[in-house]
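Novice: Here is a sequence with its predicted model. Questions after.
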Amino acid sequence: MSEDIILDKIAGDYEWGFSTDIDMDTLPKGLNEDVVKFISKKKNDPTFMLEWRLKAYKHWLTLEEPQWANIHHPPIDYQDAIYYAAPRKENKLNSLEDLDPKIKETYEKLGIPLVEQQFLAGVAVDAVMDSVSVVTTYREKLSDLGIIFCSISEAIKEHPELVKKYLGSVVPYSDNFFAALNSAVFSDGSFVYIPKGVRCPMELSTYFRINAANTGQFERTLIIADEGAYVSYLEGCTAPMRDENQLHAAVVELIALDNAEIKYSTVQNWYPGDKNGKGGIYNFVTKRGICGENAKISWTQVETGSSITWKYPSVILKGDNSIGEFYSVALTNNYQQADTGTKMIHLGKNTKSRIVSKGISAGHSQNSYRGLVRVGKSADNARNYSQCDSLLMGDRCGAHTFPYFDIKNKNATVEHEATTSKIGEDIIFYCGQRGISEEDAVALIVNGYAKEVLNQLPMEFAVEAQKLLAISLEGSVG
Amino acid sequence: MLSIKNLKAKIDNKEILKGINLEVKPGEVHAIMGPNGSGKSTLASVLTGREGYEVTGGEITYDGKNLLELSAEDRARAGIFLAFQYPVEIPGVSTTNFMKTAINEIRKSKGIAPMSAGEFLKRLKDKAALVELDVEMTKRYVNVGFSGGEKKRNEIFQMAMLEPRLGILDETDSGLDIDALRIVANGVNKLRNENNAFVVITHYQRLLDYIVPDFVHVLYKGKIVKSGGKELAYQLEEEGYDWIKEEQTVK
C-alpha cells in the first residue's frame, strides 16, 4: 500500500482532517505583553480594547490553570503556542467572489453554506479561519432589520458603544484562567445584535476552523438580544489532524434582555486525536449567558470532538420569570476526555432551569458531567430539573457525574435524576440476532438515547449531528 | 432445512458440545430436553452465531448453506430467530422502532424496499393480538422495566413480527406462570405452518403440553443420547433424568 493510500485511509476516520495551504500571517511562538500589543495593533483596536487586553493579560499572569476537572494531560507550555495566525489577504470582503479560492475550497469541503444560493436555506454564516473572520454572508438582508451580524473585530470598530457596554459583562476577564487568556489575545469571533422586538428571520451561524499548525485559537463571541428580540445561533467547529495538541480557548457571552430569547446550538467536532490518543484539540471554553425578566436562554451542544473538553455553558437567571436550559450530548471515544456540564444560577423569582445531559463513553475515554444549580436567597419559587444519563460502550471507558447544589431559598424545587446504562456485546448480539448489524445497532441506540437533545437542534443540524455520532462510534463495541 | 452433523464446540477451552446430530425439516417441531449443564443453551448460541464459542468439529447446513460461515445478523436475515432465555434491555429504543429497523434490515439484505408505515402498523397490531400483548407495550423501550414474563412474551411477539423460518426457543418457559405459558405456547402454535420449523429447548415437560413436538431429543453431557416422539417427554417428566444418566454410565 502506498503512503498516500494509507494516509487516505487514516483520514477517512476524521473526514475533516485536511489542512489548507494558504499564505499566512503568523506571529512567532510565545506570549508576552508585546504579543498582546501586536494583536491589538493588528486589529486596529481602539484604546479601550488595548487597555482591557493588557489588564486581562496582567491578571492572567497571576492565575494558575484550574486543576479540579476530571481531566489529565501533560502540562501545557503557553509559550510554545502561536497566538496570532491569519490568512494574509485580510481585507474584509464585500462579495463572496472576492474570497480567496483556497479558503472557499476549504469551506466547501466542510460543507459550509457560503454560496449565495444557500440564502434559500435561511442560514447566515460567519466563517472564522484560525483567528480571523473571513466572510459574513447575508449581512445586507439582516441590516435591513437593524440586525448586526459581523466579526467581533468589526463590531469593536463600528459599534464600540455596544462592545464597551457588554464585552466582559457576563464573563469578566478575571473569571478564570482561560477566560483571562482569551480576553488578552482573542483575535476574532462573531458579534450579533438583535434590536428591540425583532425576531431574527434566519438561523445565524459561525463555522470555526483551526488550520495553521501550532496555533491556538481564541475566539470571542458576543450576542445581544435586546428587549423582546429572538435569535437562534449555530456554531460548528472542525480542525485538521495534527500530531501535536492544539489549544482552543474561546469565550461566548449571551445577553438576553427583558422578554428576549437566545437559542445557542453547537456541534463541536474539533479533531479528537488518533486511536492512541495522540494529537487533538485541547478545548477550554467559557460560555455564559444572562437573562433579564421573562427572558430565556437555551444552550444545546453536541460534543464529539477534541481530545480534552472543558466546558460549562451556563445561565445567570437574573430577571424574574426567566428560563435557562442546557441540553447536551457529549461523546468520547478512544482516549478522549470530557468534563462538561452547566451552571444554572437562580437569582430572580419564579426562575426555571432544565438540564438534560447525555454522556456517551466508548473506547478508553473518560466522560464527566459536572453541574451546579445555585438558588439565591431572593429566588422565590425557583425550579430546577436535572437529568444526567450516562451510556457506556464496552468496559474500558468511564462515566462520572458531579452534581453540585447550593440552595439558599426554602421555596425552591430542585429535582435530579441520573441513569447509567451499558451497551455491551450482549446487546449487540441481541440486535444482530434480529438482523441488525453492529453499526446500525449502535446508531439506533445512540440516536434513541440522544433524541431528546437532538430534537432541540435545527433540522439540518440534527441530521448532521446524528451522522456525526454514528461515525464517532464506529467499531467501538467489543 | 437444518442439518447438524457431529457438532463439537468449546467455550473458554472447555468442550461443551461433543458431537451433536440433528435433522430438522420444514413443518416440524423438535424439543430438546436435558438436565442443567447438558449444553442446551450452548447449542442455541452456536446455531445463532454468538461470539465466544469455538466450533471445533462437525458442520451445520441451513438451506444448503454452511451456517458457520455466516455472521449472526446474516443468520437472522436468512430466517433464524432465537427467543432468548435472558432477553436484554435496550434503553432509548422502543420495541416498535426496534422491529421496524429489524424488518427493514432483513428486507434490505434481500433487496426489498422498506415496509410501508401502513403495512407495518397492521402487522404490529395483528401480531400483538396474537400473543395477547397490549400494543401500548410496544411503545416502551425494549424490555426496559419489563417483568420476566413480559420479556418472554415480547420475544414471542418479535418472533411473530419477523416470521422466521426456523424459530429457536431457549427455555422460554422458565419463569413463566401458567397463564403466561399458555399465551406464549398459543402464539407459537398459531405461527406453526408447513414451511417453518421450531426447536424448543426446555428443562421441563410442561411446555410440551401446549406446544406438542414431533420429536423429543435428550441432550446429556454434550450429546443427544435419546430421541423419540412426544411420549419420551412424558417418560422424562415421570421418571426424571436419572435413568438417562444411569444408562450412560453403564455404556
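Specialist: On my side now, so go ahead.

Novice: C-alpha only now, for contacts and for neighbours.
Specialist: Noted.

Novice: Next, give phi and psi for the closest residue to chain B within the stretch 201-350 of chain A.
Specialist: Evaluated by Cα to the nearest Cα, the stretch 201-350 of chain A has A:Val329 as its residue closest to chain B, separated by 13.9 Å. The main-chain torsion angles of A:Val329 are listed as degrees, to the nearest 10 and equal phi -120, psi 120.

Novice: What is the burial count for it?
Specialist: With neighbours defined by other Cα atoms under 10 Å in any protein chain shown, the count for A:Val329 comes to 28.

Novice: what's next to stretch B:4-14, contact-wise?
Specialist: By Cα atoms under 8 Å, 6 or more residues apart in numbering or on different chains, the residues outside stretch B:4-14 that reach it are B:15-23, B:46, B:52-61.

Novice: Just give me the residue closest to the centre of the chain.
Specialist: By default, I'm working from chain A. Residue closest to the average C-alpha location in chain A (Cα atoms, centre = their mean): A:Thr266, at 5.4 Å.

Novice: meant chain B, my bad for not saying
Specialist: Nearest residue to the geometric centre of chain B (Cα atoms, centre = their mean): B:Ile168, 1.7 Å.

Novice: my guess is that residue meets B:Asn196, correct?
Specialist: No. The pair B:Ile168 / B:Asn196 is not scored as a contact, 11.2 Å apart, by Cα atoms under 8 Å.

Novice: In the stretch 151-251 of chain B, what residue lies closest to chain A?
Specialist: The nearest approach of the stretch 151-251 of chain B to chain A comes at B:Leu162, 8.2 Å away (Cα to the nearest Cα).

Novice: At which residues are the helices of the chain located?
Specialist: Went with chain A since none was named. Assigned helices in chain A, in chain order: A:3-13, A:33-42, A:47-62, A:101-110, A:139-143, A:152-158, A:160-166, A:177-185, A:425-432, A:438-454, A:459-472 (criterion: DSSP state H).

Novice: Chain B, not that one
Specialist: Remark: helices of chain B, listed N- to C-terminal, are B:40-48, B:72-77, B:95-109, B:117-130, B:148-162, B:178-191, B:207-210, B:231-239, B:242-250; assignment by DSSP H.

Novice: So for A:Glu158, which of those sits nearest?
Specialist: Proximity to A:Glu158, assessed across the helices of chain B by Cα to Cα, is greatest for helix B:95-109 (53.1 Å).

Novice: quick revisit: tell me which of the helices of chain A sits most buried.
Specialist: Neighbour counts (mean count of other Cα atoms under 10 Å in any protein chain shown) averaged over each of those peak at helix A:177-185, with a mean of 26.

Novice: That one - contacts with which helices or strands?
Specialist: Contact partners of helix A:177-185 among helices and strands, from 3 or more Cα pairs under 8 Å, 6 or more residues apart in numbering or on different chains; DSSP states H and E: helix A:33-42, helix A:47-62, strand A:280-291.

Novice: ok now do the residue of the stretch 201-350 of chain A closest to chain B, which residues does it touch?
Specialist: Residues near A:Val329 by Cα under 8 Å, 6+ apart: A:Gln301, A:Val302, A:Glu303, A:Ser357, A:Lys358, A:Gly359, A:Ile360, A:Ala450, A:Val453.

Novice: for the chain, which spans come out with low pLDDT?
Specialist: I went with chain A, as the question did not name one. A:1-25, A:86-138, A:207-216, A:237-244, A:460, A:475-478 (pLDDT under 70).

Novice: Not quite, go with chain B.
Specialist: B:251.

Novice: Chain A contacts on that one?
Specialist: Listed as neighbours of chain A in chain B under the rule Cα under 8 Å from any Cα of the partner chain: B:48, B:50, B:72-77, B:81-82, B:87-93, B:101-103, B:105-106.
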